[in-house]
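**Q** The following block contains a protein sequence and its predicted model.
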Amino acid sequence: MDWKYKHFNQERVFPASRDLVFEAARTFMAESLGWQVRETPGGLSAQGYSFTHHAIANLHLQSAAAALSESETRVTVELLVERVGWRGFMLVDVGGYYNIQIRKWLDGIQWSLQQTLTGSHDESTNPLVLAQNKPSAYIFNGCLVFIVVTFGLYFIVTFISAWVGLLTGNLFLLGRGSLTIHGMWARVLSALILMFIAFLGWRIKQQSAGRPTA
């Protein structure tokens, strides 16, 4: 298991040549997302932030494969998201957020390709703009905020309980089946919890210090 990055993968075939798809992908990732894009031997690599986590999207473009015609290009997206962000540690992709984002990006590449082929510049049809205006997007974002706030409150309660457990030898763990531990084991477990929280805080601080300043 990769403890630094969480990995996501998706692919899609576009009905256009590799050069056209390449330009569409680069335009969308740089202009619509505002990510830093560089060319790689296999396609593109883009870096930016998604839901407070630093991420790297590697786009591999393949054309004229056995299953494709010369006018088709397969785009494979490999997204690496750093697990540690300023909002905490990501163990799982809550609500499938990043998989949904990749689908939006692929839709965005299709939109950018269509803009190039038709010569249009209608930003209102950008999938990112459409998604932001959908009621379902507000509901989804609201659920994400609720989940983040819930985890934040649980984190604070656990932090306070660990300090109390370390000082008094009585550790209360909140959960579906709340548990109270007494004595030496309470102090040992409290110390481990505090060490883990300190490690997360140190990692978040390191990530914040390493962010590029624009």
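**A** Received, thanks. Residues are numbered from 1 along each chain as shown.
**Q** Three-state assignment for L61, please.
**A** Secondary structure state of L61, per DSSP: H, G, I helix; E, B strand; the rest coil, is strand.
**Q** count of neighbours near it?
**A** Here the count is done by other CB atoms under 10 Å, and L61 has 18 residues near it. The C-beta positions use only the backbone N, C-alpha and C, and glycine is treated the same way.
**Q** ok, so what distance separates it from M29?
**A** Distance, L61 to M29, by CB to CB, to the nearest Å: 12 Å.
**Q** could you give the mean pLDDT of stretch 79-94?
**A** Averaged across stretch 79-94, pLDDT comes to 72.
**Q** before we move on, what about stretch 112-129?
**A** 74.
**Q** Numbering from 892 from now on, please.
**A** OK, 892 is where the count begins now, so the last one is stretch 1003-1020.
**Q** and for L952 and M920, which residues touch both?
**A** L935 (CB atoms under 8 Å, 6 or more residues apart in numbering).
**Q** Give me the contact list for stretch 945-952.
**A** Outside stretch 945-952, the residues touching it (CB under 8 Å, 6+ apart) are 896, 909, 912-913, 916, 920, 926, 931, 933-940, 964-973, 976, 989, 996, 1098, 1102.
**Q** for stretch 1075-1094, that is, sorry about that
**A** Applying CB under 8 Å, 6+ apart, the set of residues contacting stretch 1075-1094 from outside is 975, 979-980, 1046, 1049-1050, 1052-1057, 1060-1062, 1072.
**Q** which element follows the lowest-mean-pLDDT helix or strand in the chain toward the C-terminus?
**A** Least confident element among the helices and strands of the chain, by mean pLDDT, DSSP states H and E: helix 1018-1024 (a mean of 57). Once helix 1018-1024 ends, the next helix or strand along the chain (criterion: DSSP states H and E) is helix 1026-1059.
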